[in-house]
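1. Model the structure of this input:
(chains A and B)
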Amino acid sequence: MKQIEKELVIIGGGPAGLAAAVAAYDKGLRDILILERDVALGGILRQCIHNGFGLHRFGEELTGPEYAARYEQQVKERGIPYMTETMVTELRADRTVVARSAAMGIFEIKAGAVILAMGCRERPKGALGIAGTRPAGIYTAGTAQKFVNMKGMMPGKEVVILGSGDIGLIMARRMTLEGARVKAVCELMPYSGGLARNIEQCLNDFDIPLLLSHTVIDIHGKERLEAVTIAKVDERRRPIPGTEQTIPCDTLLLSCGLIPENELTAQAGVPMDRITNGALVDGDRQTEIPGVFACGNVLHVHDLVDYVSEEAAIAGEAAVRFLRGESKKSILVSVKTDGKVRYTVPQILTEAKDTRLYFRVSDVFRGKKIVLKAGDRVLLEKKTVKLAPGEMETVTVKAEWLSELAEGEISISLSD
Amino acid sequence: MLDGIIIGGGVIGGMVARELTAYGAKVAIVEKAHDVAMGATRANSAIVHAGFDAKEGTLKARFNVRGSEMMRDVCRELGVKYKNNGSLVVGFSEEDRQTLAELKARGEKNGVKELSLLDREALLKIEPNVGDGVTCALRAGTGAIVCPYELCIAAIGNAMDNGAELFLGFEVTAIEEKNGVYTVTAKDGRTLEASFIVNCAGVYSDKIAAMAGDTSFSVIPRRGEYMLLDKAAGGVITHTVFRCPSKMGKGILVSPTVDGNLLLGPTAENIEDKTDVKTTAEGLAKVRLQANEQVKSIDFSKSITSFAGLRSVGSTGDFIINVPRARFVNAAGIESPGLSSAPAIAEYVRELLMGEGIALKKRTDFNPCRRPMHEFQMMTNDEKSALIEKDPTYAHVICRCETISEGEILAALRANPKPSDVDGVKRRTRSGMGRCQGGFCTPYIVELIAKELGIDETEVTKFGGASKMNVGYTKK
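-> Numbering: from 1, shown residues only, chains lettered A, B, ... in the order given. As a prediction, the model looks like this:
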């Protein structure tokens, strides 16, 4: 087996991997290798041909491929090495990466540092436990997006969408523009998990009904999908008898959540956060295995790619500091949440510096205060108008609070 | 003219075809679906039963014990995954403890080896995750697991490699005999002639028998619903964990699969419609509930799919393997333990045909071996690299979750029996069978199938018929 050595290996050439590589290069590192399993760099952005990317990062509205191209260009201008159609099949705790490609066969890389940037996948139908038949015509929204945008093929003409995640909303519009009829978007929860702007621009603008507190309870059709039965659900998300309605359709698209692709992470024994389904990380986005960093959707699912790039840059720079022996772990403070705040990233703070905490809430909350505390001492209170699970929020922890605290925990919660 | 026609391309038809081909018969398998292994073979418990369950003296008992003994070698020859993981029947009460003792005694009469009764303490040493209410168990050391559709595909492929023919989409509508020659007619008008027929038509075997004038039995479909969990949840047990049996069959089981997933099910519900393989909310809830009683710490958040299969329950209570008229053999009512019995049933069918005067003699040029479908997966890294150097398509990973390359998919598309739909490729390679359930690889699989078959991508189906993956192009 061929063996090579690299200072920094980045697993994944999507928005996270590319931004991490650029940041590491600009910090002075040259010995970098990006490994990408698909035929080209760019990740899932390649199929996201709608606009709305880059408002925070570039101050303009780009399409997915345009956003990816900006970073791809930066990678190419800097001459950062990358391999496409190269699949990592194994990651060990000693930062050995095993991969395969046509040019190299099965090969092993001894890496000084590794950045995990594998992205996420969609929750499939089987994981939802919907009863009924198993005909053709049921796809996750992202698979349908690939068929439509990358291959110019139509998965179907009469569409019901289950789940109001952003890809589902985007595909409701896409399918409509391509001549399909989107009959309804059903959302199990009493609120949408997607961005408010997507509900406006992808559903309301096209008169597509969003049925909150509704789910699909039965699937009909033996060969091709013929209809779905939907029902309203109660506050415990159980279907309410008598509210069933059967909608004829040939396509059911699923947008019911994204799952970080952490099989390699788990294989390496990296401790995980059960809420994010990503690694536990510190402010550097370093996992509990030294020299292994994570960023982007493999760490926690983002709604805006702009935040992915931001997070990846943190990981990229931190990896260089790690390689140079400049990583400081001067404190050990863990961040606790109250359930209303579902999770934060990072979960652990190891340096006394201003650190932005990214977090999501578990429900729609109006008029709540975000409260940051160390023990009983209130560090920060921030008033909010509306918080929703679909939108990521941030709050900054000040360096002075951290150096004072040194060890222990801070808590983040919502209060009236 | 053919020597024989085997009606039904399931695991029984496949094993019969292989056996008869090995004995020099020129046979054709006719199958109404778009691929083989599409009936009960596609969706069952994937168990090689030890053989203590069937009543002594029945065909079920006889063929189960014999089939189970043969299975390891059959799988080795055919390159099919097989694992002797042992099985447990767990009991929850004093009554169950007695039933288990009776099962052990019955098993011993049936000739089953390696049976032992365990109390809770001994059980916990080998399976620490059995349910809290479990008090006793019967362990069968010879219990095993196998992949049923892989066995069927490999058996038919091996028969074809040795000269057998396969006709897909061949739904038999009439059987006639004239001057010692049977003519079998398909719905689309195709006909085949042969001197003998073997009826392995699963839930439809009563209909096929009736076409030949035998109305002595009927077959009802008994639906069983299953849940399948990701490999990440597969390590919770090593044995197949059955529940102490009741009148409706062996009850729910919790079992690892040969690929490392966790399989839960089946329910048992007699239904009317022989095509009804839908799952129900009640059925899946029942599977969950019972599975939790047998095994604790099952991580249901790792569920990747649920499905249902139909068992062929014959009206006699036993397998119906007989010769109702000259040179026409029934292998009907093959419900559990049908998969375990398949190699032994094939052997017996061959003996019955010899009894009918069909000249069958072991061929010297029969090659019993087939290249394993998962050959690449079993290679060392150096072997893989060497193959990639010769054929770079093996480096191109199509299915990420199961790490299946383009090379493996192309090999499957080119091996007998050739698949022509997405599910067929999935059953042969496991592409699309992982945790994302084809989310990423499906568009690539569609492309590879279209290219290999020389058809337009919009013509590619999930499993034949009207199950098209796409309805057309966006801007055409």
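2. The nearest residue to A:D166 once chain neighbours are set aside: which element?
-> Nearest residue to A:D166 in three dimensions, chain neighbours excluded: A:G194, at 4.6 Å (Cβ to Cβ, 6 or more residues apart in numbering or on different chains). C-beta: built from backbone N, CA, C; applies to glycine. Assigned by DSSP states H and E, A:G194 belongs to no helix or strand.
3. what's the spacing between A:G194 and chain B?
-> Look at A:G194 and chain B: by Cβ to the nearest Cβ, to the nearest Å, they are 19 Å apart.
4. Over to that residue: give its phi and psi.
-> Dihedral pair for A:G194: phi -100, psi 170, per degrees, to the nearest 10.
5. for the one 4 residues further on, same thing?
-> Backbone geometry at A:N198, expressed as degrees, to the nearest 10, gives phi -70, psi -30.
6. Now do the same contact list for it.
-> Neighbouring residues of A:N198 by Cβ atoms under 8 Å, 6 or more residues apart in numbering or on different chains: A:166, A:169-170.
7. Could you check the pLDDT of the residue nearest the centre of chain A?
-> Centroid-nearest residue in chain A, with Cα atoms, centre = their mean: A:V301, separated by 2.4 Å. Here the pLDDT value assigned to A:V301 is 96.
8. Equivalent analysis for A:A127, please.
-> 85.
9. I'd assumed it was in a strand, is it?
-> No: read with DSSP: H, G, I helix; E, B strand; the rest coil, A:A127 is helix and lies in no strand.
10. And it, how close does it get to B:G439?
-> Distance of A:A127 to B:G439, given as Cβ to Cβ, to the nearest Å: 11 Å.
11. tell me the phi and psi of the closest residue to B:H374 other than its chain neighbours?
-> Leaving aside its chain neighbours, B:H374 sits nearest to B:K81 (6.9 Å; criterion: Cβ to Cβ, 6+ apart). Backbone torsions of B:K81, given as degrees, to the nearest 10, read phi -70, psi 130.
12. what sits against B:K81?
-> The neighbourhood of B:K81, defined by Cβ under 8 Å, 6+ apart, consists of B:75, B:146-147, B:150, B:258-259, B:374.
13. Turn those residues into a markdown table, including neighbour count.
-> Compiled in a markdown table, the contacts of B:K81 are given as follows (neighbours: other Cβ atoms under 10 Å in any protein chain shown):
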| residue | neighbour count |
| --- | --- |
| B:C75 | 23 |
| B:V146 | 24 |
| B:C147 | 22 |
| B:E150 | 27 |
| B:V258 | 20 |
| B:D259 | 20 |
| B:H374 | 21 |
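14. In helices only, show me those.
-> B:75, B:150 (DSSP state H).
15. and A:S327, what pLDDT?
-> The per-residue pLDDT reported for A:S327 equals 88.
16. So which bits of the stretch 151-300 of chain A are right by chain B?
-> Within the stretch 151-300 of chain A, the positions adjacent to chain B are A:151-157, A:178-179, A:217, A:219, A:222-224, A:250, A:261, A:263, A:266 by Cβ under 8 Å from any Cβ of the partner chain.
17. Select from the contacts of A:N198 the one having the most neighbours.
-> The residue in the contacts of A:N198 with the most neighbours, by other Cβ atoms under 10 Å in any protein chain shown, is A:L169 (29 neighbours).
18. which ones are touching that one?
-> A:L169 is in contact with A:185, A:192, A:194-195, A:198-199, A:202-203, A:255, counting by Cβ under 8 Å, 6+ apart.
19. hmm, 10 Å instead?
-> A:L169 makes contact with A:141, A:161, A:163, A:185, A:192-195, A:197-203, A:208, A:210, A:255, A:390, according to Cβ atoms under 10 Å, 6 or more residues apart in numbering or on different chains.
20. Also A:N149?
-> Contacts of A:N149 by Cβ under 10 Å, 6+ apart are A:46-50, A:64-65, A:171, A:174, A:178, B:474.
21. quick one: it from A:L55, how far?
-> Counting by Cβ to Cβ, the gap from A:N149 to A:L55 is 21 Å.
22. same thing with A:S327?
-> A:S327 sits 33 Å away from A:L55, going by Cβ to Cβ.
23. Compare these two (neighbour count), which wins?
-> Counting neighbours by other Cβ under 10 Å for A:S327 and for A:L55 shows that A:S327 has the greater number, 19 against 14.
24. so that one makes contact with A:T350?
-> Yes: counting by Cβ atoms under 10 Å, A:S327 sits close enough to A:T350 to count as a contact (8.5 Å).
25. tell me, what's touching those two both at once?
-> With contacts taken as Cβ under 10 Å, 6+ apart, the residues that reach both A:S327 and A:T350 are A:282, A:284, A:286.
26. Look at the first one and say how many residues are nearby.
-> If you count neighbours by other Cβ under 10 Å, A:D282 ends up with 23.
27. correct me, but it touches A:T344?
-> No: counting by Cβ under 10 Å, A:D282 stays clear of A:T344, with 11.7 Å between them.
28. any shared contact partners between those two?
-> Common contact partners of A:D282 and A:T344 (Cβ under 10 Å, 6+ apart): A:S334.
29. any chance you could map the helices in the chain?
-> As the question left the chain open, I've gone with chain A. For chain A, the helices defined by DSSP H cover A:15-26, A:64-77, A:141-145, A:151, A:166-177, A:196-198, A:263-267, A:305-323, A:399-405.
30. wrong one, I was asking about chain B
-> Counting by DSSP H, the helices of chain B are B:11-22, B:59-78, B:94-110, B:120-126, B:148-161, B:205-211, B:281-294, B:338-355, B:375-378, B:381-390, B:406-414, B:422-429, B:442-453.
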